[in-house]
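K.L.:
model this:
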Amino acid sequence: MRKRAAALCGAAVVVAGALAAGPAGASPSPTAEAASAARPAWKKCGTTDRPTLQCASLKVPLDHGNPSGKQITLALSRVPHTARTYQGPLLVNPGGPGGSGLSLAGFVASSLPKTVAAQYDVIGFDPRGVGRSTPALNCRPGHFAPVRPDSVPFTVETERANLARVRAFAEDCGKKYAGVLPYIDTLSTVRDMDAIRRAVGAGRLNYFGYSYGTYLGAVYAKLYPERVRRLVLDSIVDPTGVWYDDNLTQDLAFNDRHRALMAWIAEHDATYRLGTDPARVEARWYAMRAALAKKPAGGKVGPSELEDTFMPGGYFNGYWPHLAKAFAAYVNDRDAEPLIETYGDLGAVDPADGNGYSVYTAVQCRDAHWPRDWDEWRSDNWSTYTKAPFMTWSNAWYNAPCAFWPTRSRHPVDVANGRLPPALLFQATDDAATPYEGGATMHALLGGSRLVVEEGGGNHGITLSGNACLDRHLAAYLADGTVPRGIGAADAVCEALPDPKPLSAKAGTGTGTAHGATLHGLLGFRG
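P.N.:
Here you go, the predicted model:
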């Protein structure tokens, strides 16, 4: 996306008085409801990297409107506070919907300054339907098994094949989880979050969410504004476009980000030998796509799988050297193995692991109204495709089960809120998954919020990913409620980190050493 935050502010720093009003050395006294709630039985579940991690489970009603009815189980994780000054629970969420938050707790606790993390119980959770929570959804194992039909429906037969796939997914989900799907949505998850707050004995909740987790946090704040102590939202969903319009807007941003990758490859022509003109490099990428439509690489990577492989590059530029290396090997050397390997690393979905996608569709389809007339989808997506061919149809089919979903939709939540302590928002100007406008919109809707912009940044999930300027604002806010205050559309601006360099000759195609890969591995894609 274009740069939007240049010279937005001369940032000053203030302390959010509403946040600092309570005693600094203790959590609020438990309310009667919190005192009577069943407490989680925390047990050690530490790893070599996260030795202090604890795990527990919590039963909550499937239907919060019927608290004595069927119960389900949420899986929880915690890194407990160690400092004498205790600021309460910090609940974290990686987005999705459908993302597991169990590992995120350990990551956040270890990535914050020790003196700050030590003052919180950092708590992760698998939202209802996800991961180790039960029941865990898996509507149609193998839904993404290669090779799928071409995502772009150039022919009637291709469109019919894709429609058959998405209809089958929706039908299978309805058959397997008819009694559960009406309660897999953002509002139910928000009530689960409040159940976690009660169970840990806290009067107020601190919350830190990425991506879809920003909408989750904003909806929690709307329902329970008096129970919010601190609220951090990173890479922000536009809450006014939930969810059909947001996806169409996202297509345009992903196309821009894909072209940024093509330009980066052109800058490094000495390494990749794909041309110095970004338009020429892009043309060669689409030629590769066309070739894979005729002959999938290794019987695994056709055009749809190619999009799955390159789409993560729109989330995190640390993947660019690996994607470029695979692209160059296929085009220049007729070697498909690096592409097949990179698909396995970044694009492939284990046929037995459709859990995240099952929850994603269940939440998105239930949360908001979607067109039920396929002609409307066809018209909107062809129109968008003419401007943004990279991911438009791939994204359409990813969300298309909502056109046939067996559960009725809710109305989206209006998150406008003037009853909160100052929330801290983080947004990159060139984010593809959650375009910049979403952060600006949320900033306008949350009265008293502060917006920190990463100028020129294109990654999705920007705090705790190596940018010291962003992380200073985050640490100051969590330490004592300090927030920036500037003049203009943003309250503070941080410059983005430089783009990565090409891999060295000895580097493989794995992504483990890429900058920020740990965080982006936890956040996943499509959220």
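K.L.:
helix/strand/coil for residue 249?
P.N.:
Following DSSP: H, G, I helix; E, B strand; the rest coil, we place residue 249 in the helix state.
K.L.:
wait, what's in contact with it?
P.N.:
With contact set as Cβ atoms under 8 Å, 6 or more residues apart in numbering, residue 249 has these partners: 238, 241, 435, 437. Backbone N, C-alpha and C define where each C-beta goes, glycine included.
K.L.:
check contacts around the second one.
P.N.:
So the one you mean is residue 241. 249, 438.
K.L.:
how close does it sit to residue 438?
P.N.:
8 Å (Cβ to Cβ, to the nearest Å).
K.L.:
is it possible to export the contacts of residue 249 to a markdown table including secondary structure, distance to residue 516 and pLDDT?
P.N.:
Below are these laid out as a markdown table (DSSP: H, G, I helix; E, B strand; the rest coil; distance: Cβ to Cβ, whole Å; pLDDT from 0 to 100):
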| residue | secondary structure | distance to residue 516 | pLDDT |
| --- | --- | --- | --- |
| 238 | coil | 24 | 98 |
| 241 | coil | 27 | 97 |
| 435 | coil | 20 | 98 |
| 437 | helix | 24 | 98 |
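K.L.:
now, among the residues you listed, which is nearest to residue 174?
P.N.:
residue 241 (26.0 Å; Cβ to Cβ).
K.L.:
burial of residue 495, as a residue count?
P.N.:
12 (other Cβ atoms under 10 Å).
K.L.:
same deal with residue 393?
P.N.:
Close neighbours of residue 393, defined as other Cβ under 10 Å, add up to 26.
K.L.:
same check on residue 409?
P.N.:
17.
K.L.:
ok, it - contacts?
P.N.:
Applying Cβ under 8 Å, 6+ apart, the residues contacting residue 409 are 365, 366, 367, 368, 369, 370.
K.L.:
which of those residues ranks first by neighbour count?
P.N.:
Result: residue 365 is most packed of the contacts of residue 409 (other Cβ under 10 Å), 26 neighbours.
K.L.:
what is the least confident helix or strand in this protein?
P.N.:
Ranked by mean pLDDT, DSSP states H and E, the weakest helix or strand in the chain is helix 17-20, scoring a mean of 37.
K.L.:
quick check: buried residues in the strand or helix carrying residue 522?
P.N.:
For residue 522, the host element (DSSP states H and E) is helix 517-523. The neighbour-count check on helix 517-523 (16 or more other Cβ atoms under 10 Å) flags 517, 518, 519, 520, 522, 523 as buried.
K.L.:
wait, the fourth one sits on residue 315?
P.N.:
Yes - in this structure, residue 520 is within contact of residue 315 by Cβ atoms under 8 Å, at 6.3 Å.
K.L.:
which neighbours do these two share?
P.N.:
459, 460, 461.
K.L.:
would you format these as a markdown table with neighbour count, pLDDT and distance to residue 65 included?
P.N.:
Output for these, formatted as a markdown table (neighbours: other Cβ atoms under 10 Å; pLDDT from 0 to 100; distance: Cβ to Cβ, whole Å):
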| residue | neighbour count | pLDDT | distance to residue 65 |
| --- | --- | --- | --- |
| 459 | 27 | 97 | 40 |
| 460 | 26 | 97 | 35 |
| 461 | 27 | 97 | 34 |
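K.L.:
tell me the one of these nearest residue 225?
P.N.:
residue 461 (25.8 Å).
K.L.:
ok so the closest one is a helix residue?
P.N.:
No - Residue 461 sits outside any helix when classified using three-state DSSP, being coil.
K.L.:
next up, phi/psi of it, please.
P.N.:
phi 90, psi 90 (degrees, to the nearest 10).
K.L.:
right, and it touches residue 521 too?
P.N.:
No - proximity of residue 461 to residue 521 does not meet the contact threshold set by Cβ under 8 Å, at 10.5 Å.
K.L.:
per-residue confidence for residue 34?
P.N.:
The confidence metric pLDDT takes the value 45 at residue 34.
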